[in-house]
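# I would like to see how this sequence folds:
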Amino acid sequence: MAGCKKESAAEAGAAPAADGAAASSVLDLDDTTFAAATAQGVVLVDFWAPWCPPCRAQGPIIDAVAKQLGDTAKVAKVNVDKAKTTAQTFGVRSIPTLVVLKDGKTVKSFTGLTQADALVAAVKEAL
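The predicted structure is shown next:
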């Protein structure tokens, strides 16, 4: 599945979906918290929006990846409607976009619904 185009976000003000309440091991980052949370170590970041069906499908996969990785890497979600500056910085034009960062720098990225095994492999490669 190709993912949702960010530019077609007519429903940007929609209420968050149920999966917006991620597991406690998944960080919820915004424009003010992103830089500090991703500056050191390996972080998997899920750029998403509540109005995007593939993003809602990606949510449980992100939760499972966070549980599988445990303390080896951070896992975070960034709502593109609430963190527009961060999304623009990473060139997010379609969601979900998943980015693996190492010490704040992109080492791998995925666009569209991505399975857990590919995400875990990318994170482990970055460790």
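# use CA for all of it now, contacts and neighbours both
OK.
# Quick check, central residue of this protein?
Relative to the mean C-alpha position of the chain, the nearest C-alpha, by C-alpha atoms, centre = their mean, is the one of residue 46, at 0.6 Å.
# Any figure for the gap between that one and residue 127?
Note on residue 46: its distance to residue 127, by C-alpha to C-alpha, to the nearest Å, is 18 Å.
# Same check on residue 115?
Using C-alpha to C-alpha, one gets 19 Å for the distance from residue 115 to residue 127.
# What values do phi and psi take at residue 54?
Backbone torsions for residue 54, taken as degrees, to the nearest 10, come to phi -60, psi -30.
# Also residue 66?
Torsion angles at residue 66 (phi, psi; degrees, to the nearest 10) stand at phi -60, psi -40.
# Correct me if wrong: it contacts residue 75.
Yes: Residue 66 is in contact with residue 75 according to C-alpha atoms under 8 Å; the separation is 5.8 Å.
# Could you name every residue contacting both of these two?
Shared contacts of residue 66 and residue 75, defined by C-alpha atoms under 8 Å, 6 or more residues apart in numbering, comprise 25, 26.
# for the residue nearest to residue 53 when sequence neighbours are not counted, what are its contacts?
In space, and not counting its chain neighbours, residue 53 is closest to residue 4: 7.8 Å by C-alpha to C-alpha, 6 or more residues apart in numbering. Neighbour list for residue 4: 52, 53, 54, 94, 95, 96, 112 [criterion: C-alpha under 8 Å, 6+ apart].
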